[in-house]
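Colleague: this one's sequence-less:
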């Protein structure tokens, strides 16, 4: 047996969610269950930070301040 969860949202948000569900051919309930499952499977901030740390550690070459300024001026670095 399934459990029920009730969430109260303002009218504008309800309309937007219902429109998104309808555009996908889903009921509002199915849309919300899918959205929650997707959110639960997404990495949390700690996991994302760990991946970014690995990417930074693996980056080849270190640029000095002057090179970073040149890159920024050329629009290649923010």
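Modeller: Nice, thanks for sending it over. Every value quoted in this text rests on a predicted model; they were computed, and no experiment measured them. Numbering: from 1, shown residues only.
Colleague: and the pLDDT at the spatially most distant residue from the centre of the chain?
Modeller: For the chain, the residue at maximal distance from the C-alpha centroid (Cα atoms, centre = their mean) is residue 66, at 33.4 Å. Model confidence at residue 66, given as pLDDT, is 87.
Colleague: for it, give its distance to residue 73.
Modeller: 11 Å (Cβ to Cβ, to the nearest Å). Where you see a C-beta, it was placed from the backbone N, CA and C, and this is true even at glycine.
Colleague: quick one, helices of the chain?
Modeller: Shown for the chain, the helices assigned by DSSP state H span residues 11-23, 28-41, 45-58, 65-73.
Colleague: among those, which is nearest residue 2?
Modeller: Comparison of the helices of the chain against residue 2 by Cβ to Cβ identifies helix 28-41 as nearest, at 9.7 Å.
Colleague: report all helices and strands that the lowest-mean-pLDDT helix or strand in the chain contacts.
Modeller: The weakest-scoring helix or strand in the chain, judged by mean pLDDT, DSSP states H and E, is helix 65-73 (a mean of 84). Applying 3 or more Cβ pairs under 8 Å, 6 or more residues apart in numbering; DSSP states H and E, one finds that helix 65-73 contacts no other helix or strand.
Colleague: flag the shaky bits of the chain, pLDDT-wise.
Modeller: Across the chain, the ranges flagged by pLDDT under 70 are 60-62, 77-78.
Colleague: please redo it, this time with the cut-off set to 90
Modeller: Flagging of the chain using pLDDT under 90 yields the residue ranges 1-2, 52-78.
Colleague: domain boundaries for it, per the record?
Modeller: Per automatic domain parsing, the domain ranges recorded for the chain read 11-41, 44-78.
Colleague: can you add distance to residue 4 and give these back as TSV?
Modeller: Below are these laid out as TSV (distance: least, Cβ to Cβ, whole Å):
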stretch	distance to residue 4
domain 11-41	10
domain 44-78	27
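Colleague: looking at those domains, which is buried most?
Modeller: domain 11-41 (a mean of 12; mean count of other Cβ atoms under 10 Å).
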